[in-house]
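> Show me how the following folds:
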Amino acid sequence: MAALKEGSKAPAFKGKDQNGQSVSLSDYKGKNIVLYFYPQDDTPGCTAQACNLRDNFGLLKNKGFEVIGVSPDEVAKHKKFEGKYDLPFILLADPELKIIEKYGVWGEKSMYGKKYMGLIRTTFLIDDKGVIRKIFSKPKTKEHSEEILEAWKSLDKK
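Numbers count the residues shown, from 1 in each chain. Modelled structure (predicted):
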């Protein structure tokens, strides 16, 4: 699949959240979405990012955003992660990588010189018409909400 670009239509998806409920992009028609992909529940970077989004959740909601996290973890692992950190947003389980591959965020990574396939941390800001307005290919995990709000402010003027 060709890489998604800012200005393109967000691919439709459907998955199970941390409560086992079915969630799809069409459920959020008419809403702005922070769709963030992260490698794994309860790891240092992913926890920092989730907690930053949690701590600024009110600000994001006030700006009209819904927050949805996606990782390859299973529903039960998401439920534990949500409970441990009191996360107020949806976490979608994608162990078959269907959503992850649609958004082009599965690829080659490198750690300590060793190459492997994995999820590439990426966030998509999707507007109320289902258009990708901004892609963060290297989000700052501890300042992610601030990045989102700053980017949205400049996009809002366009």
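> Backbone dihedrals for the residue nearest the centre of the chain, both of them.
Closest residue to the average C-alpha location of the chain: residue 36 at 1.1 Å, with Cα atoms, centre = their mean. Dihedral angles of residue 36 (phi, psi; degrees, to the nearest 10) stand at phi -110, psi 130.
> what do you get for residue 57?
phi -60, psi -40.
> Spatially, what comes nearest to it if we skip its sequence neighbours?
residue 88 (5.1 Å; Cβ to Cβ, 6 or more residues apart in numbering). In this view, the C-beta of every residue, glycine as well, is placed from N, C-alpha and C.
> Equivalent analysis for residue 124, please.
residue 35 (4.6 Å).
> Equivalent analysis for residue 84, please.
residue 42 (6.9 Å).
> Now for the one you found, how many residues are close by?
For residue 42, the neighbour count with other Cβ atoms under 10 Å is 13.
> now swap in the one 5 residues further on and tell me
By the criterion of other Cβ under 10 Å, residue 47 has 18 neighbours.
> Distance check, it against residue 74.
17 Å (Cβ to Cβ, to the nearest Å).
> hmm, back to that, three-state assignment of the residue nearest to residue 124?
Secondary structure, DSSP: H, G, I helix; E, B strand; the rest coil: residue 35 is strand.
> Hmm, it is touching residue 66, no?
No - Residue 35 lies out of contact with residue 66 (Cβ atoms under 8 Å); the separation is 9.0 Å.
> Residue 51 and residue 86, how far apart?
Counting by Cβ to Cβ, the gap from residue 51 to residue 86 is 9 Å.
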